[in-house]
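Novice: Need the 3D shape of this:
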Amino acid sequence: MAMIEINNLTKDYGKGRGIFDINLSVEKGEVFGFAGINGAGKTTTIRNLMGFIKPDSGSATIDGLDATKKSAQIKQKVAYVPGEINFPGNNSGEVFLKRQIEMLGHGSWERCQEICDKLQLDATANIKSMSKGMKQKTALAAAFAADSDILIMDEPTTGLDPLMRDTFIKLVEEQKALGKTIFMSSHIFKEMEETCDRVAMIKDGKIISRIDMNKIRYNPDKLFMIAFQDNESFQHFTSLSYDLAEVKADKNQVTVKVNDQKINELMNDLQHYPVKFFKEIKQTFEDYFNQTFKEEA
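Specialist: Here you go, the predicted model:
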C-alpha cells in the first residue's frame with residue numbers, strides 16, 4: 001500500500017524554477033530517497049507534501065489524506081525535519097522537545113532522552129544559542145522520538161559530522177525495522193546507499209531517474225581493473241571479446257565489465273597472462289548519480 005502518493009505535481013515559480021509533473025509512490029515500510037543538486041526541486045516537493053505550499057496542478061496524498069486539504073491532520077501523523085531549522089521561542093531544547101511530544105500526542109520523553117544520548121546532544125542548552133549542528137540534532141531527536149508511522153526529512157544530516165551521520169543511519173535502520181515509512185532528501189550518497197530501498201533523482205524540477213538500490217548494492221555486472229606485466233600480454237587480452245570500460249595502453253592496463261556468470265571465464269583467461277595486479281572496482285550510488293547527471297547533461 002502506498003503511504004505517499006504524488007501525481008503530476010507541478011509548482012511553477014517561473015523562469016524554469018519549480019517542479020513539473022512529479023510522479024512518485026512510496027510504499028508502507030519503505031525508505032525512499034530523493035536526490036538532486038541544490039535547487040533541483042527537492043524542498044519544493046517536500047513542502048507540497050507537508051501542505052506548506054499549494055501546487056499549481058496535480059496532487060499529493062499521505063496515508064490517503066490530501067496534502068493540501070488535510071495538512072493539519074497530516075502534521076499529526078508525520079514526523080518532519082525541515083531543510084532549514086528555525087525553532088520558535090527562547091526556551092531550552094528540552095522544553096521544545098517535551099512540547100513537541102505533548103502536541104503530537106504520541107512518542108515519549110524517555111525515548112527522546114535515549115536519542116539525545118546517541119546524538120550526543122545536550123538538550124538543556126538554550127535553543128537560540130545552539131550551533132547549527134546542535135539544532136539539527138534537536139530536530140532529529142524530535143522526529144525520531146515522535147513514534148510517527150511516517151517520517152519526512154529534508155537534508156536531515158546537514159551540519160552533522162561523519163560520526164553523527166553514522167548514528168543517523170543506525171536510527172533510520174531502527175525505524176525501518178519497526179515498519180516506519182521514510183521519505184528523505186539528501187546529498188550524502190553514503191546514507192542513501194546504506195538506508196534506502198529506492199531513490200528518485202530530480203533535475204530542474206523533473207524526475208530523471210529511479211533506481212532500486214539493490215541494483216547498486218548487488219550489481220551482477222562487476223568492474224575489474226587489470227594491469228599486465230608487458231605490452232604483448234595487454235594487446236592480446238584486449239583482442240578478446242570482453243566489454244572494455246577503460247583502456248590505458250601506456251600503462252598496459254584495462255578495466256573490464258563482467259557479469260557474475262562470466263567471472264570464472266575471466267579467471268581462466270587470465271591464467272595465461274603475466275598479471276601485475278587485479279582488483280574489483282566497487283560501483284557506488286555516487287557513481288550512478290554522477291553518470292546519470294552526466295548523461296542527462
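
Novice: Once you drop chain neighbours, what's closest to residue 27?
Specialist: residue 2 (5.9 Å; Cβ to Cβ, 6 or more residues apart in numbering). Where you see a C-beta, it was placed from the backbone N, CA and C, and this is true even at glycine.

Novice: Number of residues surrounding the one you found?
Specialist: 16 (other Cβ atoms under 10 Å).

Novice: I'd assumed residue 23 was in contact with it.
Specialist: No: counting by Cβ atoms under 8 Å, residue 2 stays clear of residue 23, with 11.6 Å between them.

Novice: So the spatially most central residue of the chain versus residue 235, what's the distance?
Specialist: Closest residue to the average C-alpha location of the chain: residue 192 at 3.3 Å, with Cα atoms, centre = their mean. Relative to residue 235, residue 192 is positioned 41 Å away (Cβ to Cβ, to the nearest Å).

Novice: you'd agree the residue nearest to the centre of the chain is up against residue 284?
Specialist: No: contact criterion Cβ under 8 Å: residue 192 and residue 284 do not qualify, at 10.2 Å.

Novice: Mind jotting down where the helices sit in the stretch 151-297 of the chain?
Specialist: Per DSSP state H, counting those that start in this stretch, the stretch 151-297 of the chain carries helices over the ranges 162-177, 189-195, 214-217, 231-238, 263-270, 285-296.

Novice: Give the other helices and strands that the first one contacts.
Specialist: Helices and strands touching helix 162-177, as assessed by 3 or more Cβ pairs under 8 Å, 6 or more residues apart in numbering; DSSP states H and E, comprise helix 109-118, helix 132-145, strand 181-186, helix 189-195.

Novice: Minimum distance to residue 263: which of the ones you listed has it?
Specialist: helix 189-195 (23.0 Å; Cβ to Cβ).

Novice: Would you mind finding the longest strand in the protein?
Specialist: strand 2-14 (DSSP state E).

Novice: Pretty sure residue 75 sits against residue 62.
Specialist: No: under the criterion of Cβ under 8 Å, residue 75 makes no contact with residue 62, lying 9.8 Å away.

Novice: which of those two has more neighbours?
Specialist: Neighbour totals were compared for residue 75 and residue 62, and residue 62 leads with 28 against 17 (other Cβ under 10 Å).

Novice: So what sits opposite that one in the bridge?
Specialist: residue 4, residue 65 (DSSP bridges).

Novice: ok, now which ones touch it?
Specialist: By Cβ atoms under 8 Å, 6 or more residues apart in numbering, the contact list for residue 62 reads 3, 4, 49, 74, 77, 78, 150.

Novice: Kindly indicate which of those residues lies nearest residue 202.
Specialist: residue 49 (13.6 Å).

Novice: Identify the residues contacting that closest one.
Specialist: 4, 6, 60, 62, 67, 152, 183.

Novice: please redo it, this time with the cut-off set to 7 Å
Specialist: By Cβ atoms under 7 Å, 6 or more residues apart in numbering, the residues touching residue 49 are 4, 60, 62, 67, 152.

Novice: what's the answer for residue 54, then?
Specialist: Residues near residue 54 by Cβ under 7 Å, 6+ apart: residue 68.

Novice: what kind of secondary structure is it in?
Specialist: coil (DSSP: H, G, I helix; E, B strand; the rest coil).

Novice: re the thing from before, contacting residues around the residue nearest to the centre of the chain?
Specialist: So residue 192 contacts 33, 35, 186, 199, 285 (Cβ under 7 Å, 6+ apart).

Novice: Now the helix or strand hosting the first one: average pLDDT?
Specialist: It stands for residue 33. Per DSSP states H and E, residue 33 falls inside strand 31-35. Per-residue pLDDT values across strand 31-35 average out to 97.

Novice: what packs against it?
Specialist: Here strand 31-35 touches strand 181-186, helix 189-195, strand 198-203, going by 3 or more Cβ pairs under 7 Å, 6 or more residues apart in numbering; DSSP states H and E.

Novice: Partner strands of that strand, with direction?
Specialist: For strand 31-35, pairing defined by DSSP bridges yields strand 181-186 (parallel), strand 198-203 (parallel).

Novice: With respect to burial, which of the helices of the stretch 151-297 of the chain scores highest?
Specialist: Among these, helix 189-195 has the highest mean neighbour count (mean count of other Cβ atoms under 10 Å), at a mean of 20.

Novice: contact partners of stretch 119-129?
Specialist: Outside stretch 119-129, the residues that touch it by Cβ under 7 Å, 6+ apart are 87, 89-94, 96-97, 116, 134, 137-138, 140-141, 164, 167.

Novice: any chance of the helices and strands packed on strand 31-35 in CSV, with mean pLDDT and distance to residue 15 too?
Specialist: Below are the helices and strands packed on strand 31-35 laid out as CSV (pLDDT from 0 to 100; distance: least, Cβ to Cβ, whole Å):
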stretch, mean pLDDT, distance to residue 15
strand 181-186, 96, 22
helix 189-195, 92, 29
strand 198-203, 96, 16
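
Novice: Brilliant, that's me finished.
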